[in-house]
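Colleague: Structural data only, the sequence is not supplied:
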């Protein structure tokens with residue numbers, strides 16, 4: 001059968017406006033492609049010219065770069081480093097060490113000022129009024145006189161105790177170390193003061209350790225100067241300062257004593273109480289009846305009984321009293 005001819009749309013009256021595709025042979029296609037390939041090859045040989053295929057090839061990442069993530073640092077335009085910040089015009093805060101140093105300096109200055117004030121006050125105290133011990137008369141014409149020796153018991157604290165910033169401890173060993181008569185100061189009770197006013201030169205007194213672990217009688221001392229004013233009572237800053245005691249009207253007195261004997265073995269308070277039971281040699285002893293009295297009277301009988309006991313204890317221990 002002869003091939004039918006494709007009729008045109010215009011000839012058939014059926015024009016739909018769509019272009020009619022014409023078929024070309026492979027020979028025609030090859031002939032048309034040859035000039036285009038030659039033109040592309042020529043263009044590739046010219047410098048500075050990049051073909052579309054080359055662009056697409058260069059745009060595609062290689063296997064080597066596949067695992068890399070582009071960073072901002074690799075951008076064509078790098079960010080410049082930010083400008084250095086201007087120094088803060090505000091004054092820097094003081095460091096902790098500097099602050100503590102300043103406080104320490106302030107405390108030291110304050111302490112130094114306090115010491116200067118204390119020294120200044122010390123020069124204004126009554127210390128300059130105290131005469132030398134040797135210049136104090138042994139006998140006071142105002143002291144009542146009595147026949148023979150009288151006996152006493154006087155208490156002191158051998159262990160540290162602070163009073164108004166001062167350690168008031170004083171033991172029989174401290175008394176023994178003195179090279180001059182010691183003023184028995186600090187008495188601030190009227191009964192004790194009155195007992196001292198009744199003391200005469202040559203009287204004896206037991207040295208009693210009080211307010212300690214083992215209170216008791218530890219030795220003997222002698223009254224070597226009768227009573228005189230205790231000027232420490234009107235010195236501000238002393239352990240027993242008394243504002244009511246003045247130079248015009250002094251309230252408190254003292255006597256001067258010297259070491260005579262330290263017992264080999266003390267007579268302890270529990271022994272004194274045992275002897276102070278009804279019918280005992282110390283049944284009427286003032287110290288046992290008035291336990292808080294720091295200076296008390298001792299009768300001749302009580303004195304003798306206690307001295308005998310001290311000798312017996314020393315003999316039993318194979319020791320001697322220290323004189």
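Modeller: Done, it's in. Quantities reported herein were computed from a predicted structural model and do not represent experimental measurements.
Colleague: where along the stretch 101-250 of the chain do the helices fall?
Modeller: Ranges of helices within the stretch 101-250 of the chain are 172-177, 190-197, based on DSSP state H, counting those that start in this stretch.
Colleague: could I get those helices as JSON lines with distance to residue 207, mean neighbour count and mean pLDDT?
Modeller: Where C-beta positions appear, they are placed from N, C-alpha and C, glycine not excepted. What follows is these, written out as JSON lines (distance: least, Cβ to Cβ, whole Å; neighbours: other Cβ atoms under 10 Å; pLDDT from 0 to 100):
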{"stretch": "helix 172-177", "distance to residue 207": "5", "mean neighbour count": "16", "mean pLDDT": "98"}
{"stretch": "helix 190-197", "distance to residue 207": "15", "mean neighbour count": "17", "mean pLDDT": "98"}
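Colleague: Output those as a markdown table; include the columns distance to residue 132.
Modeller: Listed next are the helices of the stretch 101-250 of the chain as a markdown table, based on distance: least, Cβ to Cβ, whole Å:
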| stretch | distance to residue 132 |
| --- | --- |
| helix 172-177 | 19 |
| helix 190-197 | 21 |
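Colleague: To residue 248, which of the ones you listed lies closest?
Modeller: Among those, the nearest to residue 248 by Cβ to Cβ is helix 190-197 (18.2 Å).
Colleague: by contact count, what packs against the closest one?
Modeller: Secondary-structure packing of helix 190-197 (3 or more Cβ pairs under 8 Å, 6 or more residues apart in numbering; DSSP states H and E): strand 253-268, strand 295-298.
Colleague: burial measure for the closest residue to residue 175 other than its chain neighbours, as a count.
Modeller: Once flanking residues are discounted, residue 175 sits nearest to residue 259: 4.7 Å by Cβ to Cβ, 6 or more residues apart in numbering. Here the number of neighbours of residue 259 (other Cβ atoms under 10 Å) works out to 21.
Colleague: Who does residue 259 form a beta bridge with?
Modeller: residue 221 (DSSP bridges).
Colleague: in terms of contact, does it touch residue 172 like I think?
Modeller: Yes: using Cβ atoms under 8 Å, residue 259 is in contact with residue 172, at 7.1 Å.
Colleague: which neighbours do the two share?
Modeller: Overlap of the contact sets of residue 259 and residue 172 (by Cβ atoms under 8 Å, 6 or more residues apart in numbering) consists of 219, 221.
Colleague: Would you reformat the helices and strands packed on helix 190-197 as TSV and include distance to residue 213 and mean pLDDT?
Modeller: Below are these laid out as TSV (distance: least, Cβ to Cβ, whole Å; pLDDT from 0 to 100):
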stretch	distance to residue 213	mean pLDDT
strand 253-268	10	99
strand 295-298	22	99
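Colleague: would you turn the ones you listed into CSV with distance to residue 285?
Modeller: Shown next, in CSV, are those (distance: least, Cβ to Cβ, whole Å):
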stretch, distance to residue 285
strand 253-268, 12
strand 295-298, 7
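Colleague: of those strands, which approaches residue 238 most closely?
Modeller: Evaluated over those, closeness to residue 238 peaks at strand 253-268, with 12.6 Å, by Cβ to Cβ.
Colleague: Any buried residues in the next helix or strand after the closest one, and which?
Modeller: Next along the chain after strand 253-268, taking DSSP states H and E as the criterion, comes helix 269-275. Across helix 269-275, burial judged by 16 or more other Cβ atoms under 10 Å covers 269, 271, 272, 275.
Colleague: list the contacts for the second one?
Modeller: Looking back up the chat, that one is residue 271. Contacts of residue 271 by Cβ under 8 Å, 6+ apart are 216, 309.
Colleague: The third one now?
Modeller: Residue 272 sits next to 216, 217, 282, 285, 287, 288 when contact means Cβ under 8 Å, 6+ apart.
Colleague: Report whether the expected contact of residue 254 with residue 182 is present.
Modeller: No: in this structure residue 254 lies outside contact range of residue 182 using Cβ under 8 Å: 9.5 Å.
Colleague: rewinding a little: with distance to residue 307, neighbour count and pLDDT as added columns, please give the contacts of residue 272 in JSON lines.
Modeller: Converted to JSON lines, the contacts of residue 272 look like this (distance: Cβ to Cβ, whole Å; neighbours: other Cβ atoms under 10 Å; pLDDT from 0 to 100):
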{"residue": "216", "distance to residue 307": "14", "neighbour count": "18", "pLDDT": "99"}
{"residue": "217", "distance to residue 307": "10", "neighbour count": "25", "pLDDT": "99"}
{"residue": "282", "distance to residue 307": "13", "neighbour count": "22", "pLDDT": "98"}
{"residue": "285", "distance to residue 307": "14", "neighbour count": "23", "pLDDT": "98"}
{"residue": "287", "distance to residue 307": "15", "neighbour count": "24", "pLDDT": "98"}
{"residue": "288", "distance to residue 307": "17", "neighbour count": "18", "pLDDT": "98"}
